[in-house]
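[1] coords please:
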Amino acid sequence: MLPDIQIIHTPNIMENTKALEILKTAILLERRGKAFYEKMAEQTNSPEARKIFTTMAEEEKAHVEFLSIQFTGFIKQGKFAKPDSAFAEPEDISHEIMNPQLIKEISAASFEAAAISAAMDFETRAIELYSKRSAEAEDENEKEMYKWLAEWESGHHKILFDLNEALKESIWFDNQFWPF
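    Okay, the predicted model is just below:
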């Protein structure tokens, strides 16, 4: 006769595995964003565009650091730490990015404009990942962290979107593409 075997259901192991996978994905996404912005800053001939890409690279670096702290804490303690007040409010960087000189230096059909469009896609993927995980997470600190990151990335996306729109308007105006 075979002994009775008890199967123990441990949802925390599966949830912890998923939380770690999301953290790894988030860190990788932010590192790729940082590398992208650094490369664009290196390759542009526009001083104003260089400022934008450098600023965005620094923002992504801050995200990597923040997520790495969370990853280390989660590995050691099995839970998320409440986001530190130093990271609580994303800094408004729009004043550093949106300026008339930038529009003069780059056109809507330039290398920099293409990079801005690609960067919008990076930010969109981050927003989707963070928003989805915030909705799914059971840990309140994890929910708060991903909600906050989604909002921060939404701010980045809005800046890039506004810049892209300004570049389009500029080229439309310069080339008299108005349909009326």
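[2] how distant is stretch 117-132 from the center of its chain?
    Distance, stretch centre to chain centre, for stretch 117-132: 6 Å (Cα atoms, centre = their mean, to the nearest Å).
[3] low pLDDT regions in this structure?
    For the chain, applying pLDDT under 70 flags the ranges 1-15, 84-105, 107-109, 170-180.
[4] which helix of it spans the most residues?
    Criterion DSSP state H: the longest helix present in the chain is helix 140-174.
[5] Could you give me the buried positions within that one?
    By neighbour count with 16 or more other Cβ atoms under 10 Å, helix 140-174 contains the buried residues 141-150, 152-157, 159-160, 163-164, 167, 170. For every residue, glycine as well, the C-beta is placed using N, CA and C.
[6] Same question for stretch 120-138.
    For stretch 120-138, a neighbour-count test (16+ other Cβ under 10 Å) marks 120, 122, 123, 126, 127, 129, 130, 131, 133, 134, 137 as buried.
[7] ok, now stretch 41-60?
    41, 44, 46, 48-57, 59-60.
[8] Out of those residues, the closest to residue 23 would be?
    Nearest to residue 23 among these, counting by Cβ to Cβ, is residue 60 at 15.6 Å.
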